[in-house]
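Trainee: Quick one, structure for this:
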Amino acid sequence: MAQHLTLTEAISRYVLPGSTVAMEGFTHLIPFAAGHEIIRQGITGLTLIRMTPDLIYDQLIGMGCVDKMMFSWGGNPGVGSLHRFRDAFENQNPKPLAIEEHAHAAMANAYAAGASGLPVAIFDGYQGTSYASVNSNIKSVTCPFTGKVLAAVPAINPDVAIIHAQKADKEGNVWLKDIVGVQKEAVLAAKVAIVTVEEIVESVDDSQGGTIIPSWVIEAVCCVPMGAFPSYASGYYPRNNRFYIKWDAIARDYDTFSAWMQQYVLDSKDHQQFMDKLREADYV
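Mentor: Residues are numbered from 1 along each chain as shown. Have a look, this model is predicted:
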C-alpha cells in the first residue's frame, strides 16, 4: 500500500543512481517538483523515459543527472528547442548523452505492454519511416493470422515511474482527470511508483469521474502543491506560458543556466521555497 511521504523522502528512498526513471505527464500534470528534487539530491547515471521531454528533462540533462534518454518528441512547447538537451547530445556538455528515439505510438504501446506483463509491444506502425535505421530496438514481425508486417519494440518497465496528479486520499488512492497521457500505464509498468499530488482529501472514487490509480500499485504519495509548475494541473492552476518563453533565454547559455539552477533549485530546500523565490522574481 502507498505510504504518505515527503518528496525528499520518496526520492531518496526510491530513485537510486543508475536507475531507469519514467516521468510522465502530457501537457499538464508534469512532475516538475520531483525532477527538481532529483537534481537537489545529486542523483546521476539515470536513464530517463518520457514521451514528450520538455523543460524538466532539459534541466535534469543540463545538471548532469542523465546518461540516456528514451523519448518520442523533445522541445520547449510552443517556443523551440531544448538547449541543454541539444548541447549535451551535440557537444557532450556537461557529459555525453545517449538517445533512443521512438514515435508516440511505439512508446504508448510499449508502456501498455509493460503494464500488461508482456515482453514486447506489437503494433501497426513505422511503415515508410527511417526510425529503424537509427534505433536498433525497432524490429518487425509478421502476423501469423493476416501475414501483415508489424512493428515490434521492447516493453517499457522502468525502475521508477513518477507522475503528478490532482489529488489522493488518506489511503493513498490517486485521482487524476482530463488529459491523462500514459500516466496510468507508466505506474503499472514500473517496479516502483511515486505520485505527487496537489492535495490530500478524505477519499476518492470513480463516482467523481476521472481516473483512479489504486494505492496498492503505488509506493509513495507526496503532497506537493503546485508540483507541476510551470505546466498546469487542470482544475487547480493554468499553464505559465511566460515561464516557458523565459526558459529559452535562460537555457541557451550554459553558465546562465547553471547560475539559475543554483539560485532557484539547488539553493531551495524544497518545492515550496522554490516557488516562493519564483514569486519574488516575478516568474509566477
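Trainee: Secondary structure class of Trp175, three-state.
Mentor: Assigned by DSSP: H, G, I helix; E, B strand; the rest coil, the conformation of Trp175 is strand.
Trainee: Find me the pLDDT at the residue lying closest to Ser12 once chain neighbours are set aside, would you?
Mentor: Leaving out its chain neighbours, the residue that sits closest to Ser12 by Cβ to Cβ, 6 or more residues apart in numbering is Gln41, at 6.2 Å. For glycine as for every other residue, the C-beta is placed from the backbone atoms N, C-alpha and C. Here the pLDDT value assigned to Gln41 is 98.
Trainee: What segments of the stretch 1-150 of the chain are strands?
Mentor: 3-4, 20-23, 46-50, 66-71, 98-101, 120-123, 139-142, 149-154 (DSSP state E, counting those that start in this stretch).
Trainee: by contact count, what packs against the fifth one?
Mentor: It refers to strand 98-101. Contacts defined by 3 or more Cβ pairs under 8 Å, 6 or more residues apart in numbering; DSSP states H and E place strand 98-101 against strand 66-71.
Trainee: Quick one: work out the angle between the strand it packs on and strand 46-50.
Mentor: 20 degrees (axes from the mean of the first three to the mean of the last three Cα atoms, to 10 degrees).
Trainee: List the neighbouring strands of strand 66-71 plus their orientation.
Mentor: Applying DSSP bridges to the sheet, strand 66-71 is found paired with strand 46-50 (parallel), strand 98-101 (parallel).
Trainee: Using neighbour counts, pick out the buried residues of the shortest one.
Mentor: Neighbour-count burial for strand 98-101 flags 100-101 (criterion: 16 or more other Cβ atoms under 10 Å).
Trainee: Off-centre distance for it?
Mentor: Counting by Cα atoms, centre = their mean, to the nearest Å, strand 98-101 is centred 15 Å from the centre of its parent chain.
Trainee: With stretch 104-115 instead?
Mentor: For stretch 104-115, the distance to the chain centre is 15 Å (Cα atoms, centre = their mean).
Trainee: Show the average pLDDT along it.
Mentor: Stretch 104-115 comes out at a mean pLDDT of 98.
Trainee: contacting residues for the residue nearest to Trp73 when sequence neighbours are not counted?
Mentor: Nearest residue to Trp73 in three dimensions, chain neighbours excluded: Thr52, at 5.1 Å (Cβ to Cβ, 6+ apart). Shown in contact with Thr52 (Cβ atoms under 8 Å, 6 or more residues apart in numbering): 26, 71-74, 77.
Trainee: what helix or strand does Ala168 sit in?
Mentor: Using DSSP states H and E, Ala168 sits within strand 160-169.
Trainee: again, but for Phe274
Mentor: Using DSSP H and E, Phe274 falls within helix 271-280.
Trainee: average pLDDT across that helix?
Mentor: 98.
Trainee: helices and strands around it, which ones?
Mentor: Using 3+ Cβ pairs under 8 Å, 6+ apart, the elements in contact with helix 271-280 are helix 32-40.
Trainee: can you give me the offset of the helix it packs on from its chain's centre?
Mentor: 11 Å.
Trainee: pull the CA atoms of that helix into CSV?
Mentor: Only the C-alpha atoms of helix 32-40 are listed here, as CSV (Å, rounded to 0.1, in the frame of the first residue of the first chain):
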residue,chain,number,x,y,z
PHE,A,32,8.5,19.2,-12.2
ALA,A,33,8.8,19.2,-8.4
ALA,A,34,10.0,15.6,-8.4
GLY,A,35,12.6,16.3,-11.1
HIS,A,36,13.9,19.2,-9.1
GLU,A,37,14.3,17.0,-6.0
ILE,A,38,16.3,14.5,-8.0
ILE,A,39,18.6,17.4,-9.0
ARG,A,40,18.9,18.6,-5.4
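Trainee: hmm, back to that, can you give the contact residues for the helix holding Phe274?
Mentor: The contact list for helix 271-280, computed with Cβ under 8 Å, 6+ apart, reads 7, 33, 36-37, 224-227, 229, 263-265, 268, 284.
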